[in-house]
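Novice: Predicted model, plus sequence, below.
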2 protein chains.
Amino acid sequence: MTSTPATTGQPRSQASPFRLFQAINAFQLTEAISTAIELDIFTAIAAGHSTAQALAKQCGIAERGARILCDFLAVNGFLGKGGQQYSLTEDSAVFLDRKSPAYMGSCTKFLLTDEIRETFRDLTNAVRHGGCQHTYAHAPESPVWVEFARSMAPMMMMASQGLAEIVVGKESRSLKVLDIAAGHGLFGIAVLRANPKAEVTAVDWNSVLEVARENARKFKVADRYQTLPGSIFDVNIGTGYDLILIPNFVHHFDEPTNEQLLRKLHGALKPGGRVATLEFVPNEDRVSPAMPAAFALIMLAETPAGDAYTRSELESMFNHAGFSRHEFHAMPPSPHSVLVSTRD
Amino acid sequence: MTSTPATTGQPRSQASPFRLFQAINAFQLTEAISTAIELDIFTAIAAGHSTAQALAKQCGIAERGARILCDFLAVNGFLGKGGQQYSLTEDSAVFLDRKSPAYMGSCTKFLLTDEIRETFRDLTNAVRHGGCQHTYAHAPESPVWVEFARSMAPMMMMASQGLAEIVVGKESRSLKVLDIAAGHGLFGIAVLRANPKAEVTAVDWNSVLEVARENARKFKVADRYQTLPGSIFDVNIGTGYDLILIPNFVHHFDEPTNEQLLRKLHGALKPGGRVATLEFVPNEDRVSPAMPAAFALIMLAETPAGDAYTRSELESMFNHAGFSRHEFHAMPPSPHSVLVSTRD
């Protein structure tokens, strides 16, 4: 969003109600981008329907609706406008044109479920109590995670490739891999694609593993892909792993719960085996970088005691569970980071 | 909001899912600022309770809730953070500390009513049909406008003073003034304060005029303040006005409806009399400045055919109603502009 003053001229003060007004009304941007994705406005513009009149015809909407929605998206940086013609910005072309291989429009189906929206409406109580009392997120076989697995895969594609580069690199020795709370399965699948001798066991609720198995078939690695249904806190995972992936998982829980899990994983690794934890990791100031730092609010609103942990907090949990060596990897432009912790 | 990349290093492409993720999740900023206002976090920080621990005690909330909420506000530019200490930014100090004379926290009560939120949840249909089919906003004696009059007065204080400077200036001759859809009454009241010989008649629903009369008493101009309950489209307003104010009103209606109103006002003015229209006026490109341009989406979502009109559209409506001379005034840093149209 731009913070250009509404008019030129000498302001009386640097303070302006504009930013406050914009923050209070921020929900309008959620609705606008969600509506534009639902109506496939970006795909239509990519296909050359670039005026409000042409969009109205193509998308089956009112010309006035097309004009006002597209102007709003242009104000917020998701479209360009020259004369009466709208154009895609680089982000919109890459992520919001349905014909783009990196299309991410589906992620609104998870990020804007009624459960998540309603939970956030109760943010004041979450601040009062330091977390939400009841979370839809941790219930066994919660349908939320099936929606997550189906909708968020495109958003995780880049991070999964980045993780595979870090943990596989140019190695091609056989690898026994465990993928925890696998979801769409993309993290384990990326390891399988990077190393033809790797074998993955994916743990998640059975309903979610359906989606992971579909993806394993789609990426032609199903013959090296096994699934283990249940909660990672309860299932018997066996031993002898070279590599355990924990993508986007520890943020849901408090430190003692995570340490209990990490002790279990420590015992399941071969000596020299590694755990790769993919997370939103803010700097120690907890207010930068913006996206990992802002992620903590989602955990406050939607879990009893989860958090966006800093690197030192993550390392501390691993150290308490018996690990002692760590490597930390940023993965620009992904907002995720990876901590690789080794069992001596 | 900042658009700093999540991590440093050489990005693979300029495209980043960060801005899309931030836009989809924009509703979280609405909830965060609303919660912080409700819990009076900004007032507490202004009073010296500057750590999460101190805020928890002062505001009766969890320390973890205080920390995560304040970090999120810092990421979004509404707080500063140094070490464990939070501080107010200039905007927050001026507009969100309850002890500041320009405190605007109350405006969430109007801007985030359930009606407005629910109407926006139906934005896709508004885009399809070019407006909303049923609006809560235009019903006689709608309680929404009482809430508006009570909650939005602080946000209109600056604009009302700017308007009075423009239409009164250094003049002190007697002025017969009509204030249309007066709401909180601040626009007419500002004229009364600027010109001791002015007299105002305020038109609005009777329930809303209660609030305007309260404000007229508060500013000690009640003896020159009259009220005329009803819809401006229906009531007999008489004639002989020097000045008619139309603050934040024409954006609710389509051009034919506005022209019908303006013809009525033309007939009620003395020769040489003026209409001052205060509006969110985007440039002819309709995508700048950001705030007036973005305002059109609210009209799409919440009215059948309202809009953020450009200067040329406003002048055209006035010309069709018999006016021929116009002056246009920006009012930085207010996002409003004023069109002054004179009856020959």
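Specialist: The structure has been received and is ready for your questions.

Novice: Every contact and neighbour count from this point should use C-alpha atoms.
Specialist: OK.

Novice: Just the pLDDT for A:Glu279.
Specialist: For A:Glu279, the model assigns a pLDDT of 97.

Novice: ditto for A:Pro5
Specialist: A:Pro5 is given a pLDDT of 37.

Novice: How about A:Arg128?
Specialist: Looking at A:Arg128, its pLDDT reads 98.

Novice: Over to it. Which of the three states is it?
Specialist: Recorded secondary structure, A:Arg128: helix (DSSP: H, G, I helix; E, B strand; the rest coil).

Novice: And it, how far from B:Ile68?
Specialist: A:Arg128 sits 11 Å away from B:Ile68, going by CA to CA, to the nearest Å.

Novice: More neighbours: which of the two?
Specialist: Neighbours were counted for A:Arg128 and for B:Ile68 using other CA atoms under 10 Å in any protein chain shown; B:Ile68 has more, 27 against 19.

Novice: quick one, longest strand in chain A?
Specialist: Longest strand of chain A, by residue count under DSSP state E: strand A:269-279.

Novice: Now do that strand: distance to the chain's middle.
Specialist: 21 Å (CA atoms, centre = their mean, to the nearest Å).

Novice: Tell me the strands beside that strand, with direction?
Specialist: Looking at strand A:269-279 with DSSP bridges, its partner strands are strand A:241-247 (parallel), strand A:337-342 (antiparallel).

Novice: Redo those as JSON lines? Include mean neighbour count and mean pLDDT.
Specialist: JSON lines is the format used below for these (neighbours: other CA atoms under 10 Å in any protein chain shown; pLDDT from 0 to 100):
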{"stretch": "strand A:241-247", "mean neighbour count": "25", "mean pLDDT": "98"}
{"stretch": "strand A:337-342", "mean neighbour count": "24", "mean pLDDT": "98"}
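
Novice: Could you export these as TSV, including distance to A:Pro154?
Specialist: Below are these laid out as TSV (distance: least, CA to CA, whole Å):
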stretch	distance to A:Pro154
strand A:241-247	15
strand A:337-342	18
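
Novice: Minimum distance to A:Arg224: which of those strands has it?
Specialist: Set against A:Arg224 and scored by CA to CA, these come closest in strand A:241-247, at 14.6 Å.

Novice: For the nearest residue to A:Pro247 once chain neighbours are set aside, which residues are in contact?
Specialist: Spatial nearest neighbour of A:Pro247, chain neighbours left out: A:Leu278 (4.5 Å); criterion: CA to CA, 6 or more residues apart in numbering or on different chains. Contact analysis of A:Leu278 by CA atoms under 8 Å, 6 or more residues apart in numbering or on different chains lists A:163, A:245-248, A:336-339.

Novice: Quick check: the residue lying closest to A:Ala198 once chain neighbours are set aside vs chain B, distance?
Specialist: Once flanking residues are discounted, A:Ala198 sits nearest to A:Leu175: 4.4 Å by CA to CA, 6+ apart. Distance of A:Leu175 to chain B, computed by CA to the nearest CA, to the nearest Å: 28 Å.

Novice: In the stretch 101-250 of chain A, where is pLDDT below threshold?
Specialist: Counting by pLDDT under 70, the stretch 101-250 of chain A shows low-confidence ranges at A:136-137.

Novice: 80 instead?
Specialist: Counting by pLDDT under 80, the stretch 101-250 of chain A has low-confidence residues at A:134-141.

Novice: So which bits of it are right by chain B?
Specialist: Residues of the stretch 101-250 of chain A found near chain B (CA under 8 Å from any CA of the partner chain) are A:108, A:111-112, A:120-121, A:123-124, A:126-131, A:155.

Novice: Can you say which of those residues are buried?
Specialist: Buried members of those, scored by 16 or more other CA atoms under 10 Å in any protein chain shown, are A:108, A:111-112, A:120-121, A:123-124, A:126-131, A:155.

Novice: any chance you could map the helices in the stretch 1-150 of chain A?
Specialist: Assignment of helices within the stretch 1-150 of chain A using DSSP state H, counting those that start in this stretch yields the ranges A:17-24, A:27-38, A:41-46, A:52-59, A:63-75, A:90-95, A:108-111, A:114-121, A:123-129, A:143-151.

Novice: Buried residues, the last one. List them.
Specialist: Within helix A:143-151, the residues that qualify as buried are A:144-151, counting by 16+ other CA under 10 Å.

Novice: With the fourth one instead?
Specialist: Within helix A:52-59, the residues that qualify as buried are A:52-56, A:58-59, counting by 16+ other CA under 10 Å.

Novice: Can you tell me which of those is closest to B:Asp40?
Specialist: The closest of the buried residues of helix A:52-59, once distances to B:Asp40 are taken by CA to CA, is A:Ala52, at 43.2 Å.

Novice: was I right about that closest one contacting A:Arg67?
Specialist: Yes - between A:Ala52 and A:Arg67 there is a contact at 5.0 Å, judged by CA atoms under 8 Å.

Novice: coming back round to it: generate TSV for the helices of the stretch 1-150 of chain A, with distance to B:Glu327 as supplementary columns.
Specialist: Formatted as TSV, the helices of the stretch 1-150 of chain A follow (distance: least, CA to CA, whole Å):
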stretch	distance to B:Glu327
helix A:17-24	24
helix A:27-38	33
helix A:41-46	38
helix A:52-59	31
helix A:63-75	26
helix A:90-95	40
helix A:108-111	46
helix A:114-121	45
helix A:123-129	46
helix A:143-151	53
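
Novice: Please consider this matter closed, and thank you.
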